[in-house]
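Undergrad: Sequence first, predicted model second:
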Amino acid sequence: MTVTDKLLDKYTKRVPSPDAASAEVEVDDAENLGCFGWLRGVRDRSIMLELRKKDGHALAVGYSWLERVEFEPEEGITLHLPGRKVRIKGSGLNTDCRPTMRLFDGIIRHRVPWIRESDQNELLQAAATAVSIESIQWDV
């Protein structure tokens, strides 16, 4: 599928060509909600979750490897993977940033393809109800 076909599909709601993988969704198809992406389609699911740090370090984990996801208001979100824990700390992690769009819920439903740490300016300017990611930490 060419770039022109993608643009036409986007604006004309054409059915994608048969060679397009209907189950796979590109990261570009995700809506940018500031510090995380959200897949728009009701049936869209991300295969991996990309975790982006401010310093450029990134880690992608397969959603199929998630054993459990835990939310504690004081600690944030913890992703439990075999032999590894990922902690996402911030504010508004389990609140609606838009109607029915919550980071915690999106992770559970595999709708979040990426999460990134907020930079200092974003943290200072964020409203009290906004979602912001202060840090993403993982152990080896």
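TA: The structure has been received and is ready for your questions.
Undergrad: Name the helix or strand for residue 69, please.
TA: Using DSSP states H and E, residue 69 falls within strand 68-72.
Undergrad: would you put the C-alpha positions of that strand in PDB?
TA: Below are the C-alpha coordinates for strand 68-72, written out as PDB (Å, rounded to 0.1, in the frame of the first residue of the first chain):
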ATOM      1  CA  ARG A  68      -0.400  -8.700  35.400                       C
ATOM      2  CA  VAL A  69      -0.800  -4.900  35.600                       C
ATOM      3  CA  GLU A  70      -1.200  -3.200  38.900                       C
ATOM      4  CA  PHE A  71      -2.300   0.300  39.800                       C
ATOM      5  CA  GLU A  72      -1.500   1.800  43.200                       C
END
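Undergrad: List the pairing partners of that strand within its sheet, with orientation.
TA: strand 76-81 (antiparallel) (DSSP bridges).
Undergrad: What residues sit buried inside stretch 45-52?
TA: 46, 48, 49, 50, 51, 52 (16 or more other C-beta atoms under 10 Å). (Glycine included, C-beta is placed from N, CA and C.)
Undergrad: ok, what's across the strand from residue 115?
TA: As for beta bridges, residue 115 partners with residue 36, residue 51 under DSSP bridges.
Undergrad: How about the residue most central in space within the chain: what's its closest non-neighbour residue?
TA: Centroid-nearest residue in the chain, with C-alpha atoms, centre = their mean: residue 112, separated by 2.8 Å. Nearest residue to residue 112 in three dimensions, chain neighbours excluded: residue 106, at 4.1 Å (C-beta to C-beta, 6 or more residues apart in numbering).
Undergrad: Any idea how many residues pack against that neighbour?
TA: Neighbourhood size, residue 106 [other C-beta atoms under 10 Å]: 22.
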